[in-house]
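Asker: give the three-dimensional model of this entry:
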Amino acid sequence: MLSDLKLVIRLQDIDNRLEGLTREIAALPRHIAEIEKKLISHERKLDADRAALLANQKERKKCELDVQTQDQKISKLKDQMLQAKNNEQYKAFQNEIDFCQKEIRKAEDRNLELMTESEPLDKNVKAAELALKAEKTEVEAEKQHAQARTAADQSAANELQRERSEIVAQVTPGTYRTYERVRKGRRGVAVAEVIDGRCKACNIMLRLQYYQDLRKGDQILLCESCQRILFYNPPVAVEDLTA
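Answerer: Next up, the predicted model:
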């Protein structure tokens, strides 16, 4: 096979691998950003649950304080009732006591509601804290894995770039220009194998004479349909496989 043809085949393989590495290197930060975004969402949900639990606790304390305040008022009113000079004053004190007792019942009823609400809130917060802790550990491990993978990919890409430069230096300039022109115009694929007389890239059947010329492997030939550089791999004989 023509030396330039061997070189562009290898060049195509390197460019394919470089493209894959480039995509992976670019995708890893996006992947990390996505899992961190999900983590932030869960942190905000936990903050909301904590805020709801804290508000519940504050209101319960307020209810308890209201009960104490009303109890103190009732105690004072009862002392004052003993000094009532007539029935009207006595009834006025009694009405105030009744009002305070109603306020106490309201505060106690509300406190019971809050206690009922606080149990699931507290469970949600504790469960979310445990889940978030585990998730942070997973995210950190994922980030470290991604960083290691990126470093490995970058190292592999650098090595491929070095090899690519060496190959480019060996390829005939005209052949390399053709390779680059076709690669840019055909979404990165400049070289195509011919199998059973067809271009594997565009699936077009080659003319018989053109196919015969290609099989000789002594010149650079382009597909008459897609313009990719063609190459032909002769089948391996059985005796070669068993040798």
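Asker: Ser155 versus the residue nearest in space to the middle of the chain, what's the distance?
Answerer: The residue lying closest to the centre of the chain (Cα atoms, centre = their mean) is Glu34, at 2.9 Å. Distance, Glu34 to Ser155, by Cβ to Cβ, to the nearest Å: 25 Å. No exception for glycine: its C-beta is placed from N, CA and C like everyone else's.
Asker: what strand or helix carries Glu193?
Answerer: Taking DSSP states H and E as the criterion, Glu193 maps to strand 191-195.
Asker: which helix or strand lies directly C-terminal to that strand?
Answerer: strand 198-199.
Asker: next, the angle from whichever helix or strand comes after that following strand to strand 191-195.
Answerer: Reading on from strand 198-199 to the C-terminus, the next helix or strand found by DSSP H and E is helix 208-216. Here helix 208-216 runs at an angle of 110 degrees relative to strand 191-195 (axes from the mean of the first three to the mean of the last three Cα atoms, to 10 degrees).
Asker: list the contacts of helix 208-216.
Answerer: If you take Cβ atoms under 8 Å, 6 or more residues apart in numbering as the criterion, helix 208-216 is touched by Val194, Gly197, Leu206, Gln219, Leu221, Glu224, Leu230, Phe231, Tyr232, Pro234.
Asker: most surrounded residue in those residues?
Answerer: Most neighbours among the contacts of helix 208-216, by other Cβ atoms under 10 Å: Leu230, with 24 neighbours.
Asker: quick check: which element contains that residue?
Answerer: Element membership of Leu230 [criterion: DSSP H and E] is strand 229-231.
Asker: which strands or helices does that strand pack on?
Answerer: In terms of contacts (3 or more Cβ pairs under 8 Å, 6 or more residues apart in numbering; DSSP states H and E), strand 229-231 is packed against helix 3-81, helix 173-185, strand 191-195.
Asker: rewinding a little: separation between the residue nearest to the centre of the chain and Val139?
Answerer: 11 Å.
Asker: thinking again about what came up before, next, format the contacts of helix 208-216 as CSV and append distance to Arg181.
Answerer: Converted to CSV, the contacts of helix 208-216 look like this (distance: Cβ to Cβ, whole Å):
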residue, distance to Arg181
Val194, 20
Gly197, 25
Leu206, 21
Gln219, 18
Leu221, 15
Glu224, 16
Leu230, 15
Phe231, 17
Tyr232, 22
Pro234, 28
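Asker: may I ask which two of those residues are separated the most?
Answerer: Farthest apart among those by Cβ to Cβ are Glu224 and Pro234. That separation is 21.4 Å.
Asker: give me the pLDDT value at the nearest residue to Lys200 once chain neighbours are set aside.
Answerer: Nearest residue to Lys200, sequence neighbours excluded (Cβ to Cβ, 6 or more residues apart in numbering): Glu193, at 4.8 Å. You'll see Glu193 listed with a pLDDT of 96.
Asker: one more: Ala243?
Answerer: 46.
Asker: ok, now Met1?
Answerer: The model's pLDDT for Met1 equals 74.
Asker: how is the protein partitioned into domains?
Answerer: As assigned by automatic domain parsing, the chain contains the domains 3-171, 174-242.
Asker: least confident of those, on average?
Answerer: Ranked by mean pLDDT, the domains of the chain end with domain 174-242 at the bottom, a mean of 90.
Asker: related to what we said a few turns ago, which residues are contacting the strand holding Glu193?
Answerer: 8-9, 11-12, 179, 199-202, 206, 211, 214, 223, 226, 228-233.
Asker: going through these, which ones are buried?
Answerer: Neighbour counting by 16 or more other Cβ atoms under 10 Å classes 8-9, 11-12, 179, 199, 201, 206, 211, 214, 223, 226, 228-232 among the contacts of strand 191-195 as buried.
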